[in-house]
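> Need a 3D model of the following:
(chains A and B)
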Protein chains: 2
Amino acid sequence: MAANFQSSDSIRSGQPLRYAKSVTFNKPLPLELGSELPAVTVAYETYGTLNAARDNAVLVCHALSGDSHCAQHTAEDDAGWWDILIGPGKPIDTDRYFVICPNILGGCRGTTGPNSTNPKTGKRYGSDFPTITIGDMVEVQRRLVEHLGVETLRAAIGGSLGGHQVLTWAIRHPDRLRGAIPLATSPRLSMQSLAFDVIGRNSILRDPNFYDGQYYDKPTGPNVGLALARMLGHITYLSPQAMQEKFEATRQEPRDVPTEFEKKFSVGSYLAYQGDKFVERFDANSYVTISMAMDLFDLGATSVELQSTLAKSRCRWLLASFTSDWLFPPEQSQELVSALIALGRPVSYCNVASGCGHDAFLLPDEVDIYGEMVRGFLNNLNGTSTPPANNNDDIYVHGPTSIFQHRIDYDRIVELIPASASVLDLGCGRGGLLGRLQQLGHKPVMGVELNEKAIVACVEHGLDVVQADVNEGLPAFTDGQFDFVVLSQTLQTIFNVEGLLTDMLRVGRRCVVSFPNFGFQKLRQMHNEQGRAPGSSGLLRFPWYNTPNIRFLTIADFQEFCRERKIEIHQCIGLNTEEGREVKEDVNLTADMAIFVLSLPA
Amino acid sequence: MAANFQSSDSIRSGQPLRYAKSVTFNKPLPLELGSELPAVTVAYETYGTLNAARDNAVLVCHALSGDSHCAQHTAEDDAGWWDILIGPGKPIDTDRYFVICPNILGGCRGTTGPNSTNPKTGKRYGSDFPTITIGDMVEVQRRLVEHLGVETLRAAIGGSLGGHQVLTWAIRHPDRLRGAIPLATSPRLSMQSLAFDVIGRNSILRDPNFYDGQYYDKPTGPNVGLALARMLGHITYLSPQAMQEKFEATRQEPRDVPTEFEKKFSVGSYLAYQGDKFVERFDANSYVTISMAMDLFDLGATSVELQSTLAKSRCRWLLASFTSDWLFPPEQSQELVSALIALGRPVSYCNVASGCGHDAFLLPDEVDIYGEMVRGFLNNLNGTSTPPANNNDDIYVHGPTSIFQHRIDYDRIVELIPASASVLDLGCGRGGLLGRLQQLGHKPVMGVELNEKAIVACVEHGLDVVQADVNEGLPAFTDGQFDFVVLSQTLQTIFNVEGLLTDMLRVGRRCVVSFPNFGFQKLRQMHNEQGRAPGSSGLLRFPWYNTPNIRFLTIADFQEFCRERKIEIHQCIGLNTEEGREVKEDVNLTADMAIFVLSLPA
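Below you'll find the model as predicted:
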């Protein structure tokens, strides 16, 4: 089945990919922006085996300059561009999943693109190749997936432009996709990224060797323009820090690469090398075609439009961005996440701390986080989620969330929430409370958390959790979205107390808030008799100069706070955690922990 | 004196600048990297009048694509590139100062550059123009300044590449400069910025119309390459936010500009217009020459090298960066500031909050901050500083610094510091304490502050203050750099208490720390008897959920803290601020404020 889809004019069409197969669909492909392609060939590679139920297929979508070779087929095979993620035992485990990776429409590695022969004319398309969209790319992928006998994909995954394809799959083919994993992507390009693309295209289109796109039979194509575009791309794929680390030590010691570009500085010789090398494996017309499809991609300019677009989806979602990515900045992934939250869709998200820039999703540095999230997410897509191993074991100590080791309050909180109520847990840690609630049949349950590893743990257990700082409130959530919103043992670590409580009461029909009570007798005595800042064990074990607890309040203070704001107090429960019991009398003196159930007045 | 320095070939050499004068130095100019220029012409403009003492000259240094026309000469004159800063009554007040603005060496607006005629050959230099440095530019400026009868400049000011010139002036001609004002600049380019320059030069040098730099007699020069370089530059001058705001609303509605570049998107038509327009007023060889000089500029790779270079300076310093500038990121200005601090040089600095990116120093948006700092700095350069109007009036409420209105503690602190001791005041506000100390003859006195407006006020009063967050410690300061380091009424707002106190004791031979005492009887009673979070008036007037005070400590707690760390307590002074008196007995009970004098053990 290995097809002869590669032109021998290899410089502009790439070497044949050893393991690529191909299929040609002779049915014309109508294009989103008008006109059609008379026939389409798709080059693709597969890994693993389609199971009998035909429900283990994972579609891998490549980015601008990628191809179908996402992973090695054998130990001797050329490296694949996502070997860190795909293979036996890896996050996308080819022992379990049937992986499909096609070269995209408009590409130059075997799938129909500008360097293909137009069957109508017998000549290369060149710049006659029509303007295509991400939607057109996905339509070709859909044909391929059907051809392979797959009705519903377990998941589609891709970063950058690959993420745009995943998003399009979820929206266009909601019934054919169980899980969507768009990484380091966006609802549409930032204006800055779009501007870089414009310059890249201009450098190709204004290269005198472009010949209006019909350079295939010329001695030289727009190699300078394409190389310049690639150099520019390379800067945008790296973070400023990564560039500094890579080239600073050898600033004025360029490598002696054979090039006609400037090589005065080490970064210059690197860019020259990358530019020249790219020309050998990529076609300038494909660059123009694909980058334009990316620039035209647009799920909506406003949150309302974005929600309306994403409302068509029916899959579960896992998104990740990378903190130092400035080409697809994290705020863009967060726009997608916010829209999905507002729609009440099952979504998990992490903004992975990384110094690697946009390229992070291709690099091993942070694969322990995003790779394990992918593994956990795929594991749980068939509805068989694994509950957290130990429900009371939220051991993470991090910033303004769960600083607490023994969670006696969980027992009480679980009792307070009526059967089947939906719950949002703020500062959910590794999902101890959420896991219990999920097992008890609460639905949906969702968490908000800051710590990356805690998020990974939640995703591994099939829980939906998004990374956010509750100090910024809950802007993504809609009014009355959850029956219950829980803030347990976190209030005393919050800067923006008023903002958060206001938002909790907006989002939750009821809210549960628990906190350590500084009115507790022992703490009062310590302060009064010893003249010392009150401290204790557990949550209050930290010294005054080094504690995450930055708000000191008593039960009486909190009651006054609620009274002043006309917040209704449904319950005020006092716990003496040292003695492991509830206290009923004079709670501001006898309780070291308080649990309040609140709501706005009816 | 208006000279005929402009070629009629105006496209590549610019139109003659109406008010520009010029002078030719026939003495050869030896160049830093070898070879020489046989003669140098400088085009320049001046504003205002040189006073009799010849000590009111301010040199204005332009950036890459600037020229000598920094301001209007008359209301009818063309706009100048720094009209917001320079003119009668403006921060650089031409009623007071004699402003000199030369076109830089290598430029194309009248000063000798690649488009000038080489007197030795009678032909344009073209690419025979030698590689020059910022040092060479400054040497030409020095000749001009001397020619104008100025021995010592009151100040030199410039942003970006202009800042590089200012830095070079300060180092090369320490006796000729009283004040240096480098804005939005760096000790050397970041690797990312350098990489952008490399691409810009490659796009010019590989343009087939470059003809090895000898394109002046050709029908077309490397216009496409130069336009591409300019487009790229434009992206880097704007912040991502600014680009979004500017082009998002009209994303797919380009302006119909006459251009051969892509104009599919609004940002594309903008870049095309800017690129095409630039070609009409700038010479590609100048772009290559000047950008290379910028890329070669290097004050040192490490803080040690940077200090060694800056040690040659003898001027006062004012630096500003802009938060959204990613071409010359604030950290780079901070490297300069840190080196100057370590050297004990008089320096003020502010990282001005701005959404305008690198261009901010040319725009009016933040001129109220950086312009007023420039005005205040220039005002105080002649040694006649204005003391703060009201020494007890630190009214700013901002983040973790001066949240306090009446400063009874100042009186006591001033007494505690021996005559002529040097003082660093952390969280100095508008300089209330520093101003008093300066008037009492303490020297040097210096402040650290977060609030922009407070910094402006300090600079207006001739005080040296740098913007920094003391939660990050005092990394720029050297061991034992000050006799006294003061932290008044700020300890209780600090997250990183241990880190800051450790650094204070490293930098100050003695430290003064004042804070509100939570052991005060009234506060203990409130907690103990009412079961409420203790609060009071003044510093403690904020409610538990909304107070900048995040650390609760008593005098006894602080004494223990010092004892555990073997910090020597020289004095522990208790104040009852409500009664306005010092208390001597049982201070942890009777004082609502404490002042400690500390040091490391001898």
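> Show me which residues of the stretch 351-500 of chain A sit near chain B.
A:497-498 (C-beta under 8 Å from any C-beta of the partner chain). (C-beta placed from N, C-alpha, C; glycine too.)
> Just the element for the residue of the stretch 251-400 of chain A at minimum distance from chain B, please.
Nearest to chain B, among the residues of the stretch 251-400 of chain A, is A:Gly268, at 4.3 Å (C-beta to the nearest C-beta). A:Gly268 is part of helix A:266-281, with elements assigned from DSSP states H and E.
> For chain A, give me the ranges with low pLDDT.
A:1-16, A:383-407 (pLDDT under 70).
> how about it, which residue sits the furthest from its center?
Residue farthest from the centre of chain A, counting by C-alpha atoms, centre = their mean, is A:Glu529 at 53.1 Å.
> what's around A:Thr41, how many residues?
The number of residues packed near A:Thr41 is 21, by other C-beta atoms under 10 Å in any protein chain shown.
> what sits against A:Leu318?
Contact analysis of A:Leu318 by C-beta atoms under 8 Å, 6 or more residues apart in numbering or on different chains lists A:179-181, A:347-349, A:373-374, A:377, A:459.
> go with 10 Å
A:155, A:157, A:179-183, A:346-350, A:370, A:373-374, A:376-378, A:380-381, A:459, A:464 (C-beta atoms under 10 Å, 6 or more residues apart in numbering or on different chains).
> quick one, domains of chain A?
If you go by automatic domain parsing, the domain ranges for chain A are A:10-187+A:298-379, A:196-292, A:408-599.
> re the thing from before, the closest residue to the residue of the stretch 251-400 of chain A closest to chain B other than its chain neighbours: neighbour count?
Among residues not flanking A:Gly268 along the chain, B:Val198 sits closest, at 4.3 Å (C-beta to C-beta, 6 or more residues apart in numbering or on different chains). A count of nearby residues for B:Val198, using other C-beta under 10 Å, gives 26.
> helices or strands up against the host helix or strand of B:Val198?
Assigned by DSSP H and E, B:Val198 belongs to helix B:191-205. Contacts defined by 3 or more C-beta pairs under 10 Å, 6 or more residues apart in numbering or on different chains; DSSP states H and E place helix B:191-205 against helix A:191-205, helix A:223-237, helix A:240-247, helix A:266-281, helix B:223-237, helix B:284-296.
> The last one to helix A:266-281, inter-axis angle?
I take that to be helix B:284-296. Helix B:284-296 runs at 120 degrees relative to helix A:266-281, counting by axes from the mean of the first three to the mean of the last three C-alpha atoms, to 10 degrees.
> Show residues contacting the very next helix or strand once past helix B:284-296.
Next along the chain after helix B:284-296, taking DSSP H and E as the criterion, comes helix B:303-310. Contact partners of helix B:303-310, identified using C-beta under 10 Å, 6+ apart, comprise B:167-168, B:170-171, B:187-188, B:298-300, B:302, B:317, B:335-336, B:338-343, B:345, B:347, B:475-476, B:478.
> mind checking how far the residue farthest from the centre of chain A is from chain B?
For A:Glu529, the distance to chain B equals 9 Å [C-beta to the nearest C-beta, to the nearest Å].
> Next one: that residue relative to B:Asp592, how far apart?
Noted for A:Glu529: a distance of 19 Å to B:Asp592, by C-beta to C-beta, to the nearest Å.
> Buried only: go through the contacts of A:Leu318 for me.
A:155, A:157, A:179-183, A:347-350, A:370, A:373-374, A:376-378, A:380-381, A:459, A:464 (16 or more other C-beta atoms under 10 Å in any protein chain shown).
> got the contact list for the closest residue to A:Asp128 other than its chain neighbours?
Leaving aside its chain neighbours, A:Asp128 sits nearest to A:Asn118 (6.7 Å; criterion: C-beta to C-beta, 6+ apart). By C-beta under 10 Å, 6+ apart, the residues touching A:Asn118 are A:37-39, A:112, A:124-126, A:128-129.
> quick one: the strands in the stretch 451-600 of chain A?
A:464-467, A:482-488, A:508-516, A:568-576, A:581-583, A:593-599 (DSSP state E, counting those that start in this stretch).
> The third one and chain B in contact?
No. Under the criterion of C-beta under 10 Å from any C-beta of the partner chain, strand A:508-516 makes no contact with chain B; the nearest approach is 11.0 Å.
> cool, and the fourth one?
No. When contact is scored as C-beta under 10 Å from any C-beta, no part of strand A:568-576 falls within range of chain B; the minimum is 12.3 Å.
> Now do the residue of the stretch 251-400 of chain A closest to chain B against B:Arg201, distance only.
9 Å.
> In terms of packing, which of the two has more residues around it?
Neighbour count, other C-beta under 10 Å: between A:Gly268 and B:Arg201, A:Gly268 has more, with 27 against 23.
> wait, isn't the more buried one in contact with B:Phe196?
No. Using C-beta atoms under 10 Å, A:Gly268 is not in contact with B:Phe196, being 11.2 Å away.
> Overlap of the contact sets of the two?
Common neighbours of A:Gly268 and B:Phe196 (C-beta under 10 Å, 6+ apart) are A:Met231.
> quick revisit: of all the strands of the stretch 451-600 of chain A, which one comes closest to A:Thr259?
Across those, A:Thr259 has its closest neighbour in strand A:464-467 (42.6 Å, C-beta to C-beta).
> Can you mark which positions in that closest one are buried?
Those buried within strand A:464-467 under the rule 16+ other C-beta under 10 Å are A:464-467.
> now stretch A:30-46
So for stretch A:30-46, counting by 16+ other C-beta under 10 Å, buried means A:31-32, A:37, A:39-46.
> and what of stretch A:71-85?
Result for stretch A:71-85 [16+ other C-beta under 10 Å]: buried residues A:71-73, A:80-85.
> Measure how buried A:Asn51 is and give me the count.
By other C-beta under 10 Å, 13 other residues sit near A:Asn51.
> Then it would be within a strand, right?
No. A:Asn51: not assigned to a strand; according to DSSP: H, G, I helix; E, B strand; the rest coil it is coil.
> roughly how far apart are it and chain B?
Remark: distance between A:Asn51 and chain B (C-beta to the nearest C-beta) = 44 Å.
> For the nearest residue to that residue once chain neighbours are set aside, give the beta-bridge partners.
Take A:Asn51 and drop its neighbours on the chain: the residue closest to it by C-beta to C-beta, 6+ apart is A:Phe98, 7.1 Å away. Beta-bridge partners recorded for A:Phe98 (DSSP bridges): A:Ala57.
> Isn't A:Phe98 up against A:Val150?
Yes. Using C-beta under 10 Å, A:Phe98 is in contact with A:Val150, at 7.6 Å.
> which neighbours do these two share?
A:50, A:54-59.
> want to throw the residues you listed into TSV with neighbour count?
Shown next, in TSV, are the shared contacts of A:Phe98 and A:Val150 (neighbours: other C-beta atoms under 10 Å in any protein chain shown):
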residue	neighbour count
A:Leu50	16
A:Arg54	13
A:Asp55	16
A:Asn56	22
A:Ala57	23
A:Val58	27
A:Leu59	30
